[in-house]
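Colleague: Provide a 3D model corresponding to the input given below.
(chains A, B, C and D)
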Protein chains: 2
Amino acid sequence: MSNRPLAPVVDLLKTLAHPARLRILALLRDGELCVCQITEVLGIPASTASEHLTELRRAGLLAERKDGRWVYYGLLREGEHGSLLESLWAHLDGVDLIDQDHQAALATRSVPVEVTCAKGRACGPVVRSARLVRHGR
Amino acid sequence: MSNRPLAPVVDLLKTLAHPARLRILALLRDGELCVCQITEVLGIPASTASEHLTELRRAGLLAERKDGRWVYYGLLREGEHGSLLESLWAHLDGVDLIDQDHQAALATRSVPVEVTCAKGRACGPVVRSARLVRHGR
DNA sequence: ATCTCAATTCGGAGATTCCCGAAATGTCGA
DNA sequence: TCGACATTTCGGGAATCTCCGAATTGAGAT
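Modeller: Okay, the predicted model is just below:
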């Protein structure tokens, strides 16, 4: 049970150490969402969301499921990261942004995917308020 | 219990997401050490070690205690990060580098500080094997 | 007062991360 | 087959992180 490298642990933590990725993880606690839905809730470009999702999947935190032209991402709960995520939820509990995302996701989940995804481009600017900002340390 | 920003959580994770800082945290589980001892065990320049220690302290993970010209750093166990650290230990358990550090620290702890600190400069190159290497992802 | 040495701060070079628009890919529906 | 659209990949500019040697600070020792 030895001979194990340190790098994987560091990589996992690096993956977690980003606001958008934490928001995505928290979002998916309530069930899978497709990229366009996540894009809508987070208020970021699809390309950026896709990159974060790829990163989270590489870290073994998410699973992807393709359905037609939509790609759904869901939390991988069984992985060995379980305990770490559990304590992470505690830290995310009561965080404004996370709660707001949760509410926005409720709305998004209540309508068919087609509605949400078409809206982003057909209509005017996105209504979503919370923008991802670079934060100093 | 709301109105809490996300940034502090991200900062904590960023602080943890570094091999040298994880090694330091693991080292200090067995009790406080001074900067020169940590420098010795990790095999890195004192300035680098000092910067990592400052970062860990800023994150609320370490406390510093000054004694003469030595500065000792110790784990802050009571903080609200407790549960996160607990699951972190599990991830560090059985990692080679961490075990090696633990052994090296035993040796370092068994002699007075003066011996360890003087050795680094008086004698030839440091004997320590494990060097901190940049790791790809 | 002066020297020594542990520790920190500083300067700056190199590597990495982050982000977004543009282009590419793949699927559905007409 | 073609157009629309969700998603991914690509390019590259900007911000951040990381590291180390040099300079600085501060506390003991002489």
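Colleague: And stretch A:92-107, what's buried?
Modeller: Residues of stretch A:92-107 classed as buried: A:92, A:95, A:97-99, A:101, A:104-105 (neighbour count, 16 or more other C-beta atoms under 10 Å in any protein chain shown). In this view, the C-beta of every residue, glycine as well, is placed from N, C-alpha and C.
Colleague: Kindly reformat these as a markdown table containing pLDDT and distance to DNA strand D.
Modeller: As requested, these are arranged in a markdown table below (pLDDT from 0 to 100; distance: C-beta to the nearest atom of the strand, whole Å):
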| residue | pLDDT | distance to DNA strand D |
| --- | --- | --- |
| A:92 | 96 | 20 |
| A:95 | 97 | 19 |
| A:97 | 97 | 18 |
| A:98 | 97 | 21 |
| A:99 | 97 | 24 |
| A:101 | 97 | 17 |
| A:104 | 95 | 16 |
| A:105 | 96 | 14 |
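Colleague: Tell me which two in the residues you listed are the farthest apart.
Modeller: Pairwise distances among the buried residues of stretch A:92-107 were taken by C-beta to C-beta; the largest, 15.5 Å, belongs to A:92 and A:104.
Colleague: and the residue nearest in space to the middle of chain A, what element?
Modeller: The structure's chain A has its C-alpha centroid closest to residue A:24; by C-alpha atoms, centre = their mean the separation is 1.5 Å. Assessed by DSSP states H and E, residue A:24 sits inside helix A:19-28.
Colleague: So which bits of that helix are buried?
Modeller: For helix A:19-28, by 16+ other C-beta under 10 Å, it's A:19-28.
Colleague: now do stretch A:70-83
Modeller: Those would be A:72-73, A:75-76, A:81, A:83, for stretch A:70-83 by 16+ other C-beta under 10 Å.
Colleague: Those in helices, which ones?
Modeller: Using DSSP state H, the subset of those located in helices is residue A:83.
Colleague: What about chain B: which of the buried residues of stretch A:70-83 touch it?
Modeller: Near chain B, taking C-beta under 8 Å from any C-beta of the partner chain as the test, the members of these found are residue A:83.
Colleague: can the buried residues of stretch A:70-83 go into CSV with extra columns for distance to DNA strand D and pLDDT?
Modeller: Output for the buried residues of stretch A:70-83, formatted as CSV (distance: C-beta to the nearest atom of the strand, whole Å; pLDDT from 0 to 100):
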residue, distance to DNA strand D, pLDDT
A:72, 7, 97
A:73, 8, 98
A:75, 16, 96
A:76, 15, 94
A:81, 20, 82
A:83, 24, 88
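Colleague: out of the buried residues of stretch A:70-83, who's nearest residue B:115?
Modeller: Taking the buried residues of stretch A:70-83 together and measuring to residue B:115 by C-beta to C-beta, the closest member is residue A:83, at 39.5 Å.
Colleague: Please give me every residue in contact with the closest residue to that closest one other than its chain neighbours.
Modeller: Spatial nearest neighbour of residue A:83, excluding adjacent residues (C-beta to C-beta, 6 or more residues apart in numbering or on different chains): residue B:87 at 4.0 Å. Residues near residue B:87 by C-beta atoms under 8 Å, 6 or more residues apart in numbering or on different chains: A:83-84, A:86-87.
Colleague: swap in residue A:63?
Modeller: By C-beta under 8 Å, 6+ apart, the contact set of residue A:63 is A:57, A:73-76.
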